[in-house]
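Colleague: structure for this input, please:
(chains A, B, C and D)
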Number of protein chains: 2
Amino acid sequence: MFSPLRPSDTPIQTAAPFGFTGPCLRHARDEEVFGEGEAAEHVYQVISGAVRTLRTLRDGRRQIDEFHFAGDYFGIEAGDLHRVSAEAMTDTTVRMVRRAALSQLAAKQVDVARILFRLTVEGLQRSQDHVLMLGRKTARERVVGLLIDLVERTGADGELDIPMTRQDMADYLGLTIETVSRTLTQLQADGIIAIPTTRHIVLRDGAALRRLAN
Amino acid sequence: MFSPLRPSDTPIQTAAPFGFTGPCLRHARDEEVFGEGEAAEHVYQVISGAVRTLRTLRDGRRQIDEFHFAGDYFGIEAGDLHRVSAEAMTDTTVRMVRRAALSQLAAKQVDVARILFRLTVEGLQRSQDHVLMLGRKTARERVVGLLIDLVERTGADGELDIPMTRQDMADYLGLTIETVSRTLTQLQADGIIAIPTTRHIVLRDGAALRRLAN
DNA sequence: CGTGAGTTTGAAGGGAATCAAGACTAGTGG
DNA sequence: CCACTAGTCTTGATTCCCTTCAAACTCACG
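Modeller: Numbering: from 1, shown residues only, chains lettered A, B, ... in the order given. As a prediction, the model looks like this:
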């Protein structure tokens, strides 16, 4: 899955929050934004669409690190290389901000540095939540946790339009696709959620859901 | 993480790197340094000994987020409250740096801000490794991964003096104490490690270990 | 309609958890 | 110096949640 940059992907300059600027790039579904091991010369922000960052073991086992939605930043690294790869989950637009420029800006403007720092610490805390989930929660608790997280980040009124496949959910939750599917079916049978279509989930009983999340 | 690690009994003391200063406090084994939910007014550095940061679910399930050794920082938060608790694993000395002071310092000195940022990003990357391990690795791979991590951070020449209990290892690896014990026994039977005493492990075959780690 | 990727469902198996003793170890006090 | 003790660790037997293997189903799209 390489990313051929089509001529139609004309970069658009737009005003970014906090003065972060850079060209915007479109990526088709499943296209790679950057790959594990590549030079980390940019930081990215999702303008529209959704991105997954992930790591892969040599034998193909895949772990999704994080889902990124409109407004979210990704691709921040300590070293020179990307340690995860990033792929568009749907047709997606991302802004690229040159890392060198960003670090210069942060050196001059304290508020920029502060914002970057806060974004990173928040990422760390999300990762810590992820660790707790993968280390100590049951399949049901994990699936419920993801649903709650998604509705808080992207959901309108308990309605979820899910951009990821069941496989993505499984690879984020440290489960198999079958277990994710079965768990969702069970939650529907319990009347806690409804699944009108595979990519659309309605949270019918938020309180019960939160009780199951732990 | 970052720290060039000395043996745990060598105090770094007086000259704190980068001018981070603050009083040093001693904590006995299993004593709490700070608790989940408490106000996060300090950032901490391990001077000697070892600290675990962890989260606990209401029903008692425990997940250790990270082990911190001499030189390592912990307790950095985005919000006002600590989201993990921290406990001394052995008799430990930690330096407390006032958060407000640190943030003022970072505002004035770019290099301080940069170092803080790098520490945080490295913490994030360690957490991402942890996620991959918990989400997609087998019990054996997890135990081996921990051993390798420990020897790289604290080990002298393939010799490990382990400050944590089997329960700590289990709670870090998302396993039970029995599984950790069985796995270590098996690794010893395979001639890959030796366990002269419970708290002392010798890595006899580093290459084989790395092969098993994935 | 066909076609295939994605999803669901079923049956069987396995890796780690749980339950249950026992063995070790360090610390304590006689 | 050595029994005593509590905490920790190891080992064994069994169970169970999730995985694996397999097949059928759904639905968007040519």
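Colleague: got the contact list for residue A:103?
Modeller: Not one residue lies near residue A:103 by C-beta atoms under 8 Å, 6 or more residues apart in numbering or on different chains. Using the backbone N, CA and C atoms, a C-beta is placed for each residue, glycine as well.
Colleague: gap between it and residue A:159?
Modeller: Remark: distance between residue A:103 and residue A:159 (C-beta to C-beta, to the nearest Å) = 40 Å.
Colleague: in stretch A:198-208, what counts as buried?
Modeller: By 16 or more other C-beta atoms under 10 Å in any protein chain shown, the buried positions in stretch A:198-208 come out as A:201, A:203, A:208.
Colleague: now flag whichever of the residues you listed is closest to DNA strand D.
Modeller: Nearest to DNA strand D among those, counting by C-beta to the nearest atom of the strand, is residue A:201 at 13.8 Å.
Colleague: go ahead and confirm that closest one touches residue A:195.
Modeller: Yes - between residue A:201 and residue A:195 a contact is recorded at 5.5 Å, counting by C-beta atoms under 8 Å.
Colleague: give the residues shared as contacts by those two.
Modeller: The contact lists of residue A:201 and residue A:195 share residue A:184, where a contact means C-beta under 8 Å, 6+ apart.
Colleague: name the nearest residue to residue A:213, sequence neighbours excluded.
Modeller: residue A:144 (4.7 Å; C-beta to C-beta, 6 or more residues apart in numbering or on different chains).
Colleague: can you give me phi and psi for the one you found?
Modeller: Residue A:144 has phi and psi values of phi -60, psi -40 when expressed as degrees, to the nearest 10.
Colleague: quick check, pLDDT for it.
Modeller: Looking at residue A:144, its pLDDT stands at 98.
Colleague: burial count for it?
Modeller: Neighbour count for residue A:144, taken as other C-beta atoms under 10 Å in any protein chain shown: 25.
Colleague: also the one 5 residues further on?
Modeller: By the measure other C-beta under 10 Å, the count of residues near residue A:149 is 18.
Colleague: helix, strand, or coil at it?
Modeller: At residue A:149 the chain is in helix, as set by DSSP: H, G, I helix; E, B strand; the rest coil.
Colleague: quick check: it vs residue B:40, distance?
Modeller: Residue A:149 is 23 Å from residue B:40, by C-beta to C-beta.
Colleague: now do residue A:99
Modeller: Distance from residue A:99 to residue B:40, by C-beta to C-beta: 29 Å.
Colleague: and residue A:29, by the same measure?
Modeller: To residue B:40, residue A:29 is 41 Å away according to C-beta to C-beta.
Colleague: who has more neighbours out of those two?
Modeller: The residue with more neighbours, out of residue A:29 and residue B:40, is residue B:40; 17 against 13, by other C-beta under 10 Å.
Colleague: chain B contacts on chain A?
Modeller: Contact residues, chain A versus chain B (C-beta under 8 Å from any C-beta of the partner chain): A:55, A:57-59, A:61-63, A:65, A:76-78, A:83-84, A:106-107, A:110, A:113, A:116-118, A:120-125, A:127-128, A:130-132, A:134-137, A:171-174, A:214.
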